[in-house]
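**Student:** Prediction below, plus the sequence it came from.
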Amino acid sequence: MPFPQRLRSAVVLGCLALSVPAGAGPMDTACARDVLVASSMQRQAIDQLEQTGGDDAELCRIWRRHVETMRRVASVYGRCLSGAERSERLAQVMGSEKEFSGLIKGRCKGL
């Protein structure tokens, strides 16, 4: 089953939100590293979403993995960002998590 365009857009928005904070300095080294790791995890999840075949069980596993990745990324943002940047990025990531969670609930019962 091809990856729906609307979902692709949500994933891309989430990925774009994964850049290192512009103001990261020496005191933010751990957070900058964590954001880079989260970005790598996000890219892998996107690659898996785009390469999945038509098998519903496989698709559901990949969606579940993607939701978990989004939750981990949200945790990094909650810890490492502040102000409007934190709010915007968390909204993007959590929006994608919510969308995929909805797909899982609707299409992955019993899988």
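**Tutor:** In hand now; what should we look at? What you are looking at is a predicted structure, and each value in this text was computed from that prediction instead of being measured.
**Student:** and the gap between the one residue sitting closest to the centre of the chain and Leu36?
**Tutor:** For the chain, Met70 is the residue whose C-alpha lies nearest the centre (CA atoms, centre = their mean; 3.5 Å). Separation of Met70 from Leu36 (CB to CB, to the nearest Å): 17 Å. Heads up, the C-betas are built off the backbone N, CA and C, glycines and all.
**Student:** How far does stretch 85-99 sit from its chain's centre?
**Tutor:** 9 Å (CA atoms, centre = their mean, to the nearest Å).
**Student:** same thing with stretch 42-60?
**Tutor:** Remark: stretch 42-60 is offset 13 Å from the chain centroid, using CA atoms, centre = their mean.
**Student:** circling back: so the residue nearest to the centre of the chain is in which element?
**Tutor:** Assigned by DSSP states H and E, Met70 belongs to helix 56-80.
**Student:** Now do that helix: distance to the chain's middle.
**Tutor:** On CA atoms, centre = their mean, the centre of helix 56-80 falls 6 Å from that of its chain.
**Student:** just checking, what packs against that helix?
**Tutor:** helix 5-16, helix 29-51, helix 83-107 (3 or more CB pairs under 8 Å, 6 or more residues apart in numbering; DSSP states H and E).
**Student:** The ones you listed into CSV, with extra columns for mean neighbour count, mean pLDDT and distance to Val76?
**Tutor:** Below are the helices and strands packed on helix 56-80 laid out as CSV (neighbours: other CB atoms under 10 Å; pLDDT from 0 to 100; distance: least, CB to CB, whole Å):
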stretch, mean neighbour count, mean pLDDT, distance to Val76
helix 5-16, 15, 50, 12
helix 29-51, 16, 83, 5
helix 83-107, 16, 89, 9
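**Student:** and of the ones you listed, who's closest to Ser75?
**Tutor:** helix 29-51 (8.6 Å; CB to CB).
**Student:** I figured His66 hits Arg43, correct?
**Tutor:** No: the pair His66 / Arg43 is not scored as a contact, 11.6 Å apart, by CB atoms under 8 Å.
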